[in-house]
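In: sequence plus predicted model, see below.
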Amino acid sequence: MRNRRTAVGVLALLALAACGNETGAGDGSGSVRTAPRLTGVHWNVDSVTAGGRTTEAPDGAHVVIGPEGGATGNFGCNRFSAEAGTDGDTITVRRATTTEMGCEKGVQQFETTLSRAFSGELTAAVTGRTLTLTTRTGDTIRLTSEPPAPLTGTTWTVTSLVSGSTASSLPAGTEKRARLTFGRDGSVRGTLGCNTFRGNVTVTGSTVTFRRTTTTRMMCPAPRMELERVLLAVLDGRTTYRIDHRTLSLTAANGEGLAATAQASGG
């Protein structure tokens, strides 16, 4: 009888341990915490620390780890795809391939740093909305999850200019000055880096057509006026738009365009 009671007690302890490991540790309230989700989440890259040096990520850099294997994203300018697999808190990344768009020098340097770090065996740690990936050599990638952004009702901050297959940074001193917001009533408003503007838009499928755009007439330093000139040319008539989670691309018929990112939640 004693052996039978002991066996029952051991089985009960094993069952409790299994329940505790199934979805996470308890919080003392009788409930069980759900393990943080790693795959199927759009992770914005915040920074990379390599060789003791931390570099902030350009807008648009992100990673998505697929639940069935594989990873996609953007290294800061160029998109990438790679083989990837998860095993507990370990992610193994192999054979990344990228597009070959020309990038501004600083962004290109960041792409090189991130692509080297996001390779091989990585240890993942999720805390709330923050993911930290650590390489075997101790370098780290810090990422944050953000919900997808809709076209309308979102404040889009212009981050780069695009000409054909080449992306270029904004003129010095104009960073984060140009913004636009599409209203649900078919309006658009914002700032061009110097002057504010307002107009109407028609959204059909993957196109946005700008109509009756008016601006204020203030004069600003040359770099801001140059940015304004380029943006006015893009925001005139029919453009093709594409949203990649929280990045908006607008491209005119002549191949000239812009990229913008959604203002961070609560920002």
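Out: Right, received. Where do you want to start?
In: describe which strands whatever helix or strand L250 lives in pairs with in its sheet and in which direction.
Out: Per DSSP states H and E: L250 is located in strand 247-252. Its sheet considered, strand 247-252 pairs with strand 237-244 (antiparallel), strand 256-262 (antiparallel) by DSSP bridges.
In: which residues touch it?
Out: Strand 247-252 is contacted by residues 59-60, 74, 149, 151, 156, 162, 208, 233-243, 257-262 when judged by CB atoms under 8 Å, 6 or more residues apart in numbering. To be clear about C-beta, it is placed using only N, CA and C from the backbone, and glycine gets the same treatment.
In: from these, keep the buried residues only.
Out: Among the contacts of strand 247-252, those classed as buried by 16 or more other CB atoms under 10 Å are 59-60, 74, 149, 151, 156, 162, 208, 234-235, 239, 241, 243, 257-262.
In: which stretches in the stretch 101-250 of the chain count as helices?
Out: 105-117, 222-234 (DSSP state H, counting those that start in this stretch).
In: list the buried ones in the last one?
Out: Neighbour counts using 16+ other CB under 10 Å place 223-228, 230-231, 234 of helix 222-234 among the buried residues.
In: circling back to that earlier point, could you give the mean pLDDT of the strand holding L250?
Out: Strand 247-252 shows a mean pLDDT of 95.
In: what do you get for stretch 62-82?
Out: Across stretch 62-82, pLDDT averages out at 91.
In: same question for stretch 195-215.
Out: Mean per-residue pLDDT for stretch 195-215: 96.
In: now do the contacts for T99.
Out: Taking CB under 8 Å, 6+ apart as the criterion, T99 is in contact with 78-80.
In: which one of the residues you listed is nearest T181?
Out: Proximity of the contacts of T99 to T181 (CB to CB) peaks at R79, which lies at 26.0 Å.
In: can you tell me how far the closest residue to the closest one other than its chain neighbours sits from V41?
Out: In space, and not counting its chain neighbours, R79 is closest to T99: 5.0 Å by CB to CB, 6 or more residues apart in numbering. Separation of T99 from V41 (CB to CB, to the nearest Å): 22 Å.
In: same check on Y241?
Out: In this view, Y241 and V41 are 24 Å apart by CB to CB.
In: got the buried residues of helix 222-234 as TSV, with distance to A84 columns?
Out: Formatted as TSV, those follow (distance: CB to CB, whole Å):
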residue	distance to A84
P223	41
R224	42
M225	45
E226	41
L227	38
E228	42
V230	38
L231	37
V234	35
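In: excluding chain neighbours, what is closest to T39?
Out: Nearest residue to T39, sequence neighbours excluded (CB to CB, 6+ apart): P67, at 4.2 Å.
In: thinking again about what came up before, and V201, which of the helices of the stretch 101-250 of the chain is closest to it?
Out: helix 222-234 (12.8 Å).
In: surely S160 touches S168?
Out: Yes - the pair S160 / S168 is scored as a contact, 6.4 Å apart, by CB atoms under 8 Å.
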